[in-house]
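Asker: Sequence below, structure please.
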Amino acid sequence: MHTPASLRARAEGAAASLPPLLLQAERLAATVLMGEHGRKRAGPGDAFWQYRAALPGDARRSIDWRQSARSDGQFVRETEWQAAQTLMLWVDDAASMRFAAADRPSKLRRAQTLALALAVLAVRAGERTALANLAEPPRSGRAQLIRMADALMDGGDAPDYGAPRPRVMPMGARAVFLSDFLGDPAPLTDAMGAAADRGVGGVLVQILDPEEEAFPYDGRTIFESMSGAIRFETLKAATLRNDYLTRLRDRRALLRDLCARTGWRFVAHHTDASAASALLTLHAALGPVR
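Answerer: Modelled structure (predicted):
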C-alpha cells in the first residue's frame with residue numbers, strides 16, 4: 001500500500017535521476033502559460049474556434065442548428081486546426097559559448113536552458129522535437145526531453161566558433177538556432193537557405209555576455225580565445241573599441257538581413273537579462289509560424 005510519504009520518496013528519487021538541465025528548463029517553462037495548441041485557423045480539431053455564416057456548398061451536417069435558431073441566418077461551427085508539429089533546435093556548443101563574466105551564466109548554459117525549455121513547451125503542446133544536428137528523429141514525450149538534455153550536456157572538445165550543420169529538417173517544421181554567431185557566417189547562410197527551401201521557418205537567437213556588447217577594456221589587456229588557440233596582447237585596448245563595436249554591428253546587420261531573406265526572425269539576448277523574458281519572446285516569435 002502506498003502512503004503519501006512513500007509516494008513522495010519515489011517522486012524525489014525519480015526527480016534526482018533527471019538531468020539537472022531538464023529540471024531547470026521545466027521550471028523556466030512553467031513561466032509560460034500554455035493554452036490549447038492550435039494554428040488559429042479553421043481546420044480539423046476538437047477545440048471550438050468561431051461561428052461563421054453558412055455559405056453555398058457547406059454540407060448540411062456542418063450547420064450548427066442551435067446557434068442558427070438564435071438568428072435569422074444559418075451558421076457553421078468551425079474548430080481550430082490542431083496538428084502535431086515539429087520543433088528543431090540547434091545549440092552552439094563551441095568554445096566561445098563558454099564565456100561568462102562576473103557571476104552571470106555562460107552563453108552556453110543560457111542557450112541550453114532556453115532550448116530545452118522550448119522543447120518542454122513543445123512536448124506539452126503535443127509536438128515533436130529534436131536537436132537539429134543529431135541523427136535521431138523528432139519525437140514527443142518526456143523520454144525525448146531526457147534524451148535531449150543528456151545530449152546537450154554531453155560536452156567534449158570543440159572549436160573556437162560553432163557552425164550549424166543540421167540534418168535534413170522535416171518539411172514545414174519550425175527551428176530555433178541559439179549561438180553567439182561570431183564565427184564564419186557561411187555555414188549559417190547555407191543551413192538557413194536549405195531550411196527555407198523546405199518551408200522551415202524559425203528564429204535566430206544571438207546570445208552575448210554584456211561585456212562582449214560593451215567592450216569595457218582599457219590599457220594593457222590580453223585577449224585569449226576560450227580554447228586557448230588564439231592569443232592577442234595590447235597596451236591600448238581602448239583603441240580597439242570602435243573597430244570592435246563596428247564589426248559587431250555589422251555582424252548583427254548580416255544576421256538580420258539573413259533572417260529577412262529567409263523569413264526567419266532575429267532575437268538578441270544578453271546573459272544578464274531574464275531567461276523567462278527571453279523564453280516568452282521566443283514563444284511569441286514562434287507562434288505566428290504555426
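Asker: Spell out for me which residue occupies the centre of this protein.
Answerer: Residue closest to the average C-alpha location in the chain (C-alpha atoms, centre = their mean): V176, at 4.2 Å.
Asker: Check whether it really touches L116, as I assumed.
Answerer: No: look at V176 against L116 with C-beta atoms under 8 Å: they stay out of range, at 11.1 Å. From N, CA and C alone the C-beta is placed, and that goes for glycine too.
Asker: before we move on, back to that, state the helix or strand in which the residue nearest to the centre of the chain lies.
Answerer: Element membership of V176, judged by DSSP states H and E, is strand 174-179.
Asker: what does that strand contact?
Answerer: Contact partners of strand 174-179, identified using C-beta atoms under 8 Å, 6 or more residues apart in numbering, comprise 85-92, 94, 97, 111, 114-115, 118, 132, 162, 164, 166, 169, 188, 191-192, 195, 200-207, 282, 286, 289-290.
Asker: Tell me how far R167 lies from A94.
Answerer: 19 Å (C-beta to C-beta, to the nearest Å).
Asker: and what of D257?
Answerer: 23 Å.
Asker: Looking at these two, which is more packed in?
Answerer: More neighbours surround A94 than the other of D257 and A94, with 20 against 11 (other C-beta atoms under 10 Å).
Asker: so that one makes contact with G162?
Answerer: Yes: using C-beta under 8 Å, A94 is in contact with G162, at 3.3 Å.
Asker: which neighbours do the two share?
Answerer: Looking at what touches both A94 and G162 (by C-beta under 8 Å, 6+ apart), the common residues are 179, 183.
Asker: Which residue ranges of this structure form strands?
Answerer: Counting by DSSP state E, the chain has strands at residues 48-53, 75-79, 86-91, 128-131, 174-179, 201-208, 221-224, 231-234, 265-270.
Asker: which of the ones you listed has the lowest average pLDDT?
Answerer: The stretch with the lowest mean pLDDT among the strands of the chain is strand 48-53, at a mean of 67.
Asker: in stretch 246-260, what counts as buried?
Answerer: For stretch 246-260, a neighbour-count test (16 or more other C-beta atoms under 10 Å) marks 251, 255-256, 258-259 as buried.
Asker: What of stretch 272-289?
Answerer: In stretch 272-289, the ones that count as buried by 16+ other C-beta under 10 Å are 275-276, 278-279, 281-283, 285-286, 289.
Asker: cool, stretch 220-231 as well?
Answerer: Judged by neighbour count (16+ other C-beta under 10 Å), stretch 220-231 contains these buried residues: M226.
Asker: Stretch 202-214 now?
Answerer: For stretch 202-214, by 16+ other C-beta under 10 Å, it's 202-209, 211-212.
Asker: One more: stretch 143-156?
Answerer: For stretch 143-156, by 16+ other C-beta under 10 Å, it's 144-145, 147-149, 151-152.
Asker: repeat for stretch 126-140
Answerer: 127-133, 138, 140.
Asker: any chance of those in JSON lines, with distance to D58 too?
Answerer: Compiled in JSON lines, the buried residues of stretch 126-140 are given as follows (distance: C-beta to C-beta, whole Å):
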{"residue": "E127", "distance to D58": "31"}
{"residue": "R128", "distance to D58": "33"}
{"residue": "T129", "distance to D58": "37"}
{"residue": "A130", "distance to D58": "40"}
{"residue": "L131", "distance to D58": "44"}
{"residue": "A132", "distance to D58": "42"}
{"residue": "N133", "distance to D58": "47"}
{"residue": "P138", "distance to D58": "36"}
{"residue": "S140", "distance to D58": "34"}
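Asker: I'd like the distance between L279 and A273.
Answerer: 11 Å.
Asker: Where does the prediction get shaky in the stretch 51-200 of the chain?
Answerer: For the stretch 51-200 of the chain, the stretches with pLDDT under 70 are 78-84, 155-156.
Asker: Noted, bye for now.
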